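Peer 1: starting from these lines, generate the structure:
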Amino acid sequence: MKNPDIIISIIVPVYNVKEYIRECLESLISQTFNKYEIILVNDGSTDGSDLICKEYEERYENIRYYSQSNKGQSAARNLGVIKSKGIYILFVDSDDYNLRMITVKILYEAAKKIMMLI
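Peer 2: Just a heads-up that it's a prediction; the model follows:
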């Protein structure tokens, strides 16, 4: 069920990205837009990425963590969509870590404008 307090669900598939996942998550939690959730879907990582994801889930209430056996990035994204509570969905790869602090806000404003045209 969608949650009106969560406008954007950011879905991050995770597979053996221990080197990058902290930077990615720091980039996401520093966003100026605050009505979002981060859904981390571990796709069978064996390098300790799962432990980092669990650590962030414990520290931040807007982060949720799920795990599945290795089924591929598409399956991980699909699970994230199923678990999402937001109105809009943003896919971010786990090695994306140079997001500007206003990226999510800009994307939300653009989506609102497009929806007004429809």
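Peer 1: now for the helix or strand where Glu37 lies, which elements pack on it?
Peer 2: Under the criterion of DSSP states H and E, Glu37 resides in strand 36-43. If you count contacts as 3 or more CB pairs under 8 Å, 6 or more residues apart in numbering; DSSP states H and E, strand 36-43 packs onto strand 8-14, helix 21-29, helix 49-59, strand 63-68, helix 73-83. Any C-beta I mention is one placed from the backbone N, CA and C, and that applies to glycine too.
Peer 1: same thing but 7 Å
Peer 2: Packing partners of strand 36-43 (3 or more CB pairs under 7 Å, 6 or more residues apart in numbering; DSSP states H and E): strand 8-14, helix 49-59, strand 63-68, helix 73-83.
Peer 1: what's the most buried one of those?
Peer 2: Of those, the one with the most neighbours on average (mean count of other CB atoms under 10 Å) is strand 8-14, at a mean of 24.
Peer 1: tilt between that strand and strand 36-43?
Peer 2: 20 degrees (axes from the mean of the first three to the mean of the last three CA atoms, to 10 degrees).
Peer 1: sorry, back to before: quick one: strands adjacent to the strand holding Glu37?
Peer 2: Counting by DSSP bridges, the strands paired with strand 36-43 are strand 8-14 (parallel), strand 63-68 (parallel).
Peer 1: can you tell which of those is closest to Lys85?
Peer 2: Set against Lys85 and scored by CB to CB, these come closest in strand 8-14, at 6.3 Å.
Peer 1: relative to helix 49-59, how tilted is that closest one?
Peer 2: Note on geometry: by the same axes, to 10 degrees, strand 8-14 and helix 49-59 are set 150 degrees apart in direction.
Peer 1: got the contact list for the strand holding Glu37?
Peer 2: With contacts defined as CB atoms under 7 Å, 6 or more residues apart in numbering, strand 36-43 is touched by 6-15, 28, 49-50, 53, 62-68, 70-73, 76, 79-80, 83-86, 104.
Peer 1: okay, angle between that strand and helix 73-83 too, please.
Peer 2: 140 degrees.
Peer 1: chain center to strand 36-43, what's the gap?
Peer 2: 4 Å (CA atoms, centre = their mean, to the nearest Å).
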